[in-house]
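the following comprises the amino acid sequence and a computationally predicted model.
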Amino acid sequence: NAGVTQTPKFQVLKTGQSMTLQCAQDMNHNSMYWYRQDPGMGLRLIYYSASEGTTDKGEVPNGYNVSRLNKREFSLRLESAAPSQTSVYFCASSEQGVTEAFFGQGTRLTVV
Amino acid sequence: GIQVEQSPPDLILQEGANSTLRCNFSDSVNNLQWFHQNPWGQLINLFYIPSGTKQNGRLSATTVATERYSLLYISSSQTTDSGVYFCAVGGSGTYKYIFGTGTRLKVLA
């Protein structure tokens, strides 16, 4: 039982490149989330998907897009990476909304 | 939106000492979680505690939702307790957790 799995774990991009962060959960959860964590700070919500087929903006959505591919998978896309998007990205899932949330191991992204 | 404040921001303990971490929130919440982020960056679930008291080994937590705070107690601290402790709250009618800025704990051998 893997829980929440994120790929890749590390990534270096050049400014202007695009990439997609992948997230999959095997707990049959309805809700999924993408957060970013900057040095010395807590996590901030980028986008969330309350249930399959829906997505909504969080606190810091600019520069990102998401896709809820199916119930298991929720991807985060950076269309044109900027140095300000250098961060650690966490995916999370919960059974429904603000029930207990479980986090992936994170993706450390550096944009140069 | 809901504001979440954690205190103290930094804490240094000798191994074996006890500590209390506090999380204050500015509005009523449906749910609250405590996490430990270890030195490798992994977020570990400690407690899911919208109200009441729970205990797990040397750790316990209490949430008093009516007074808008939660406490995390660490007894007989060990070096492996080092890391950052986050409180996250879920507001009524929302689908998202709001995180505090964390308490950075260092336990010295």
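Done, it's in.

quick one: which helix or strand includes the closest residue to residue B:52 other than its chain neighbours?
Counting by Cβ to Cβ, 6 or more residues apart in numbering or on different chains, residue B:63 is the residue found nearest to residue B:52 once chain neighbours are left out, at 6.6 Å. Backbone N, C-alpha and C define where each C-beta goes, glycine included. Using DSSP states H and E, residue B:63 sits within strand B:59-64.

for residue A:65, same thing?
Per DSSP H and E: residue A:65 is located in strand A:64-68.

so does that strand get close to chain B?
No. Using Cβ under 8 Å from any Cβ of the partner chain, strand A:64-68 never reaches chain B; the gap is at least 12.9 Å.

buried sites along stretch A:64-79?
For stretch A:64-79, burial by neighbour count (16 or more other Cβ atoms under 10 Å in any protein chain shown) applies to A:64, A:66, A:68, A:71, A:72, A:73, A:74, A:75, A:76, A:78.

do the same with stretch B:95-106
By neighbour count on 16+ other Cβ under 10 Å, the buried set for stretch B:95-106 is B:95, B:96, B:97, B:98, B:99, B:100, B:101, B:102, B:103, B:104, B:105.

could you look up the SS state of the closest residue to chain A within chain B?
Nearest residue of chain B to chain A, counting by Cβ to the nearest Cβ: residue B:90, 2.6 Å away. State at residue B:90, reduced to three classes by DSSP: H, G, I helix; E, B strand; the rest coil: strand.

now for it, how many residues are close by?
Here the number of neighbours of residue B:90 (other Cβ atoms under 10 Å in any protein chain shown) works out to 23.

leaving out the residues flanking it, which one is nearest to residue A:48?
Nearest to residue A:48 is residue A:33, by Cβ to Cβ, 6+ apart, at 4.6 Å.

do you know how far the closest residue to residue A:67 other than its chain neighbours is from chain B?
Nearest residue to residue A:67, sequence neighbours excluded (Cβ to Cβ, 6+ apart): residue A:75, at 5.0 Å. For residue A:75, the distance to chain B (Cβ to the nearest Cβ, to the nearest Å) stands at 18 Å.

got a pLDDT number for residue A:75?
For residue A:75, the pLDDT comes out at 98.

does it really touch residue A:20, like I thought?
Yes. Here residue A:75 reaches residue A:20: they are 5.2 Å apart, a contact under Cβ atoms under 8 Å.

how many residues are close by the residue of chain A found nearest chain B?
Closest approach between chain A and chain B, counting by Cβ to the nearest Cβ: residue A:98, at 2.6 Å. Residues near residue A:98, counting by other Cβ under 10 Å, number 25.

and for residue B:82?
Residue B:82 has 17 neighbours, counted by other Cβ under 10 Å.

before we move on, the earlier item: what is the helix or strand where the residue nearest to residue A:48 lies packed up against?
Using DSSP H and E, residue A:33 falls within strand A:31-37. Counting contacts by 3 or more Cβ pairs under 8 Å, 6 or more residues apart in numbering or on different chains; DSSP states H and E, strand A:31-37 is packed against strand A:19-25, strand A:43-49, strand A:64-68, strand A:74-78, strand A:87-94.

does the helix or strand of chain B with the lowest mean pLDDT come close to chain A?
The helix or strand of chain B with the lowest confidence, counting by mean pLDDT, DSSP states H and E, is strand B:97-99 at a mean of 91. Yes. Strand B:97-99 is in contact with chain A by Cβ under 8 Å from any Cβ, via B:97, B:98, B:99.
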